[in-house]
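1. After the sequence you'll find the predicted model.
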Amino acid sequence: MILNKIRIPQVLSRTFFGTKFFIVLATLSTISLSSCDKASILGLDVQPEDDLLNVAYSDTTSIRTRTVKEDSLRTDETLLFTGDAMFGKYVDPIFGQSIASVYTQVRLPSSNPDFGVNPIIDSVVLAMVYDPTYIYGDTTSTLATQTVNVYQLFEDISQTSNYYSNQTFIKSSFDLAGSQSFVPAVSDSVTVTGEKEKPQLRVRLSNIFGTTILNNENTGNLESTTAFNSFMKGLYITAENSSLTSGAGNIVRLKMIDAKTRLSVYYHNNAEDSLKYEFPLSNSARFSHFKHDYTSVNSLLDNQINNASPALQNATVFVQANAGLKTKIEFPHLLHWVDSGAVSINKAELVIRIDTSATFEYSKYQPAANLLLFQINDDSTSNILVPDYNEGSNYFGGSYSSTTKEYRFNISRYIQQILAGNRNNNGIYLITQNGAVTASRLVIGGGDASSAFQMKLNITYTKLH
C-alpha cells in the first residue's frame, strides 16, 4: 500500500503550491482510495481470522501538549476564492487583543472617465458589505463600537504576488476617514439613500481625496487601470486605533467581491447635480493583515507562549484563528506499544474537549466549526496534513459537536505508520480550519491528567503473533 504524503497550503502557512495543488490532491486521494481498502487502512486484512477476536482497547496513551504561536497565513485574493476578508478589533479577556485589517487596491472601472466641466466633489464614501451572520465578539452597541481608519498606500499591491497576514505596506499618516465609528448590525439589510441594501460598513472619506481623483481626469492617471493603480496604489482599512476595554469589540467578515463593495465619488459639475462615479473593489489585489498582542493574557497562556522555558506538559491549551495560536500535541511514549511485538491499530481516535469553565467565557466566544491536524516534519515544519485526512471528513472527523462540546479525529493511519517505522514520531499541530476567514478561538483540555477536560487518544488494537 502506498502511503500518501499530500501537501496542503495553509490558508494556513507559507508553503503553497498554487491552484494545481487541488487537482493533485483530488487525483492522489482517488489513487489512495482505489489502492487501499478500509480493511487495509485499519490493519485488519493482515491478521488471521482468529486474531480478529482478540481486539483490545486503551485510553491511557500519554499525550503531551503545549500552546505555541502561529507564524502567518496566506490571505491574498488568489487563494481566498470566496472573496472574504476579516476586519475589526476585539479584546479577549483570555487571549488579549486581536486586530484584522485589509490592504486593497481600488479598480478603475473604465478608461478615461468623463466628469464633465468643472467637477466639484460633494462626498466620498467607502462601502464594504459584511456578513451579518458572522460577527465574532460583542454585538451590543456599548461594547461593539469601533473606530475605523483609512489610509492611502504608498506601495503597489499586485494580483500576481502572494501576500501573508503579517505583511505591512508603507502608508500615508493622514486618516482619510477621520476616525469614524462603526457598529456592525446583525440585521439582514441597511437603508442607504432611502433604499434597502445588504449590511455594509460605510465610511465617509475626506473630500480632499475625492477632489484629487476628479482633478486628475486629464493628467493620464485615469487613462487605464495600470495608470490609475500607479497613481492611487490602494487603501489600508483598519480598526487598530479603536480604544476598547476587555471583552469589547468584534471582527466581521467582509464580502470583498460583492458588487456593493466599492468606493463612490459623489460630485456635480456645471451641467448637472447629484452625479456619482463608482470604483469597484471586487477585482482587486488585496489581503488581510492580522495582529495579536499577547502582553496581557490569561496566566496559563502567558506561561506557555511568553515564558523563555515553557513547561512541556499543560492541563489547558489554546487555539486561535487569524494566524494566532496552535497546540502542539506529542505522543512521547507511543513506540512502547511495539516493545513486545507488532501491533495492528484498528482505530486511533483523538478526542479534544472544550474547556467550558466560566473562567474562559466559552458562551461568548464560540468554538471553530472545524479543526485540522498537521504532522510535524523532521525539519520542524508542518505543511502536511496527517494521512487520515485523505480519507474524507466522515472518516477523519474534526468537526465540532455542540452536544458533547468536543472534536474527534480518526488518526489510525498516522499512528500505525509511526509504529511500523514508516514515519518519525515528531508530533502534530492542532489548528483552526479556514483560519484566514474565521476569527474563532478555543480553550481546550491538554494532555495533563489533572485536567477535567483531558485530551485522550482512544486506541482499539490487536497484537500480531
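-> That came through, no problem.
2. so where's this protein shaky on pLDDT?
-> Applying pLDDT under 70 to the chain flags residues 1-53, 80-81, 465.
3. tell me the SS of residue 399?
-> Secondary structure for residue 399, judged by DSSP: H, G, I helix; E, B strand; the rest coil, is strand.
4. do residue 186 as well
-> The local conformation at residue 186, judged by three-state DSSP, is coil.
5. Grab the nearest non-local neighbour of it.
-> Spatially, and ignoring its direct neighbours in sequence, residue 186 is nearest to residue 132 (5.3 Å; CB to CB, 6 or more residues apart in numbering). In this view, the C-beta of every residue, glycine as well, is placed from N, C-alpha and C.
6. measure that neighbour to residue 366 for me?
-> According to CB to CB, to the nearest Å, residue 132 and residue 366 sit 16 Å apart.
7. Comparing those two, which shows the higher neighbour count?
-> When residue 132 and residue 366 are compared for neighbours, residue 132 comes out ahead with 19 against 14, by other CB atoms under 10 Å.
8. Check which residues of the longest strand seen in the chain are buried.
-> In the chain, assigned by DSSP state E, the strand with the most residues is strand 120-137. By 16 or more other CB atoms under 10 Å, the buried positions in strand 120-137 come out as 120-121, 124-132, 134-137.
9. mind listing what residue 185 touches?
-> 132, 199 (CB atoms under 8 Å, 6 or more residues apart in numbering).
10. Okay, it and residue 146: tell me how far apart.
-> Residue 185 sits 13 Å away from residue 146, going by CB to CB.
11. go on, residue 312?
-> Distance from residue 312 to residue 146, by CB to CB: 39 Å.
12. These two: which has the busier surroundings?
-> When neighbours are counted by other CB under 10 Å, residue 146 comes out ahead of the other of residue 312 and residue 146, with 28 against 12.
13. isn't residue 416 right up against residue 347?
-> No. Taking contacts as CB atoms under 8 Å, residue 416 lies outside contact range of residue 347: 10.1 Å.
14. More neighbours: which of these two?
-> Using other CB under 10 Å, the more surrounded residue of residue 416 and residue 347 is residue 416, with 23 against 17.
15. can I assume the more buried one sits in a strand?
-> No. Judged by three-state DSSP, residue 416 forms no part of a strand; its state is helix.
16. Which parts of the stretch 351-465 of the chain are strands?
-> Assigned by DSSP state E, counting those that start in this stretch, the strands in the stretch 351-465 of the chain fall at 371-375, 384-385, 397-401, 406-410, 428-432, 441-445, 456-463.
17. Of all those, which one comes closest to residue 223?
-> strand 428-432 (44.6 Å; CB to CB).
18. what helices or strands is that closest one leaning on?
-> strand 316-320, strand 325-330, strand 371-375 (3 or more CB pairs under 8 Å, 6 or more residues apart in numbering; DSSP states H and E).
19. okay, those strands, which one's buried deepest?
-> Burial of the helices and strands packed on strand 428-432 is given as mean neighbour count (mean count of other CB atoms under 10 Å); strand 316-320 ranks first at a mean of 27.
20. Grab the CA positions of that one and hand them over as PDB.
-> Extracted as PDB, the C-alpha positions of strand 316-320 are listed here (Å, rounded to 0.1, in the frame of the first residue of the first chain):
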ATOM      1  CA  THR A 316      -5.100  23.700  29.500                       C
ATOM      2  CA  VAL A 317      -4.000  24.700  25.900                       C
ATOM      3  CA  PHE A 318      -5.200  27.200  23.400                       C
ATOM      4  CA  VAL A 319      -6.000  27.500  19.600                       C
ATOM      5  CA  GLN A 320      -6.800  30.700  17.800                       C
END
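21. Now do that strand: which elements does it pack against?
-> Using 3+ CB pairs under 8 Å, 6+ apart, strand 316-320 sits against strand 64-69, helix 299-305, strand 325-330, strand 428-432, strand 441-445.
22. what sits up against the third one?
-> Here strand 325-330 makes contact (CB under 8 Å, 6+ apart) with 63-70, 95, 301, 305, 317-319, 350, 373, 376, 425, 427-431, 441, 444, 446-447, 455.
23. again, only this time at 7 Å
-> Strand 325-330 has contacts (CB atoms under 7 Å, 6 or more residues apart in numbering) with 63-70, 317-319, 427-431.
24. Run through the residues that contact the spatially closest residue to residue 61 that is not a sequence neighbour.
-> Distance criterion CB to CB, 6+ apart; nearest residue to residue 61, sequence neighbours excluded, is residue 457 at 4.4 Å. Applying CB under 7 Å, 6+ apart to residue 457 gives the contacts 61, 63, 331, 348, 350.
25. Lovely, talk soon.
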